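Enquirer: Pasting the sequence and the predicted model now:
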Amino acid sequence: MTIQEAQQKVDEWIKTYGVRYFSELTNMAILTEEVGELARIMARTYGDQSFKKSDLSKNLADEMADVLWVLFCLANQTGVDLEDALRKNIEKKTQRDADRHHNNKKLL
């Protein structure tokens, strides 16, 4: 599915099952919460923190999908076409950073 299709599916779900979107500010807070949940799993899986029993049932892919879900909600609410925005962002980074990382000795 494309990013545009995903945004549309989230919009359809919200309008069918969710009654309406939460406010943009509420969704921003939810996005922060979801990123925190993802960070918790990353810190325990790839970092130095130990797992707690409550962490063992968490699913990395599902946490990433939760982040995307709320980001799609925010994009829909604010009129952002994320597919177009991502395309433009990649172009910007390509032009700006064409040689930058190749010249970074820390990455070699």
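Expert: Done, it's in.
Enquirer: how about the helices of the chain, start to end?
Expert: Under the criterion DSSP state H, the chain contains helices at 3-17, 24-45, 60-78, 82-96.
Enquirer: How about residues contacting stretch 25-32?
Expert: Identification of contacts with stretch 25-32 by CB atoms under 8 Å, 6 or more residues apart in numbering yields 21-22, 67, 70-71, 73-74, 77. Using the backbone N, CA and C atoms, a C-beta is placed for each residue, glycine as well.
Enquirer: what comes up buried for that stretch?
Expert: Within stretch 25-32, the residues that qualify as buried are 27, 30-31, counting by 16 or more other CB atoms under 10 Å.
Enquirer: Ok, stretch 48-68 next?
Expert: Neighbour count says stretch 48-68 has 58, 63-64, 66-68 buried, by 16+ other CB under 10 Å.
Enquirer: CA atoms only: put that stretch into CSV for me.
Expert: C-alpha atoms of stretch 48-68 as CSV (Å, rounded to 0.1, in the frame of the first residue of the first chain):
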residue,chain,number,x,y,z
ASP,A,48,21.4,-1.6,27.7
GLN,A,49,18.1,-1.6,29.6
SER,A,50,16.7,-4.8,31.0
PHE,A,51,13.2,-6.0,30.1
LYS,A,52,10.4,-5.8,32.6
LYS,A,53,7.7,-8.5,32.6
SER,A,54,5.3,-5.9,31.2
ASP,A,55,7.6,-5.2,28.3
LEU,A,56,7.8,-8.8,27.1
SER,A,57,4.4,-8.7,25.5
LYS,A,58,5.2,-5.6,23.4
ASN,A,59,5.7,-6.0,19.7
LEU,A,60,8.2,-3.7,17.9
ALA,A,61,6.4,-3.8,14.6
ASP,A,62,3.1,-3.0,16.2
GLU,A,63,4.6,-0.1,18.1
MET,A,64,6.0,1.3,14.9
ALA,A,65,2.6,0.9,13.3
ASP,A,66,1.0,2.9,16.2
VAL,A,67,3.4,5.7,15.5
LEU,A,68,2.5,5.7,11.8
